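**Student:** Turn this into a model:
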Amino acid sequence: MSLARRCRHAMRLLRLPFEWIGVFLGLALFAFLPRRAMLELCDLLSAVMFRFDWRGRRLALANLRIVTGIYHERIPYMPWRFPYNPSKAEVKILRRSYRNMARSVGHAFWTCRRAKERVAEAGEMAPEVCRLLAANKPAVTVSGHVGCWEILSQLAFLCGHSMMSVAKEVGAVGMTSLLIRARTSIGQEIVPAEGAFRPLMKGLKSGKSLGLLVDQVVNPKKGGIWVRFFGRPYPVSAAPAFFAAKGRAPIVVAWSRPLKDGRYRCELVDFIEVAEARDIWTTTQRCLSDLERVIRRHPSCWVLNYNCFRKTPDDKERAELEERERKAKEA
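**Tutor:** Numbering: from 1, shown residues only. Okay, here's the model as predicted:
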């Protein structure tokens, strides 16, 4: 094991007790607060986090400048070497991004009690999304870490959809199980990311809709495929396109827009028919392009301090990506 990997492993071990404390405090504190008090606490914690998270601020600024086009693809992605010199407008966006992330996490804990009542209080579905979901059962619903990603599947469940989602491992195995139990309080099913294919496909064929996030980095060695995201090669999961093609279900791309009163509104971004989802790469690229348009309009709603552009393709992978792009243009 290299020195860098040993250091990362040691940091994860040191971080585990604090992660456990955070989860138990979230379950013990957030779940018992009124919604307004929960939001105010989230805003306070996000301000503290922004003040002390110097590494995250640098990463967030680098990602924001990729979103806005200041750092184009020819500039290597080295966020901690870029100068931290944000403008006033950029600082405002970064602060709001931290606040949005804190509120999304707070919402996940807050809905552990009286889940249906609280989700109905915290958000709403746009009428066109309700009509679209009602006419397409099951469906593969797709979003990203923009707005409050936790509420999307919950609102779909309230609209009468049986929902299944995927949870990646967070910290220790026991902590992941605890978070999964908390997130299933409304009635939706959540399966661990490891080995999720079979239960998700079985659920889709039995009439259950899927709720998937598509903006996370997935190592190509573990099934990720290269697409373009803000002009840069970006490896993501092809699961939404694959499930849509194999399960013969349409794809609904949506996001939850934060409202001024602290609530959320689920809005439609794109609808992909079953026949259009047969090409796995083209469908995956389309989903990322849909999210890219939303993020460009609302950068403060995206989790900017995620190290999302850390991987770069080798020569073979880049050539394959460019060939797929060429064929897509000719089609």
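
**Student:** Got the confidence number for the residue nearest the centre of the chain?
**Tutor:** When Cα atoms, centre = their mean is applied to the chain, the residue found nearest the centroid is residue 145 (2.8 Å). With respect to pLDDT, residue 145 has a value of 94.

**Student:** could you measure it against residue 35, distance?
**Tutor:** Distance of residue 145 to residue 35, computed by Cβ to Cβ, to the nearest Å: 22 Å. In this view, the C-beta of every residue, glycine as well, is placed from N, C-alpha and C.

**Student:** ok, now which ones touch the residue nearest to the centre of the chain?
**Tutor:** Residue 145 is in contact with 104, 213, 215-216, 302-303, 306, counting by Cβ atoms under 8 Å, 6 or more residues apart in numbering.

**Student:** Quick check on the nearest residue to residue 321 once chain neighbours are set aside: phi, psi?
**Tutor:** Among residues not flanking residue 321 along the chain, residue 226 sits closest, at 4.5 Å (Cβ to Cβ, 6 or more residues apart in numbering). When read as degrees, to the nearest 10, the backbone of residue 226 gives phi -90, psi 130.

**Student:** Which positions within the helix or strand harbouring residue 36 qualify as buried?
**Tutor:** Using DSSP states H and E, residue 36 sits within helix 35-52. Across helix 35-52, burial judged by 16 or more other Cβ atoms under 10 Å covers 35, 38-39, 41-43, 45-46, 49-50.

**Student:** what do you get for stretch 324-331?
**Tutor:** Here stretch 324-331 shows 324-325 as buried, counting by 16+ other Cβ under 10 Å.

**Student:** Which parts of this protein are strands?
**Tutor:** All strands of the chain, identified by DSSP state E, fall at 123-125, 140-143, 163-167, 189-192, 209-213, 224-229, 232-237, 251-258, 264-272.

**Student:** With respect to burial, which of those scores highest?
**Tutor:** Among these, strand 140-143 has the highest mean neighbour count (mean count of other Cβ atoms under 10 Å), at a mean of 28.

**Student:** outside of that strand, which residues touch it?
**Tutor:** So strand 140-143 is contacted by 133, 149, 152-153, 156, 163, 204, 209-214, 240, 243-244, 247, 249-256, 287, 291 (Cβ under 8 Å, 6+ apart).
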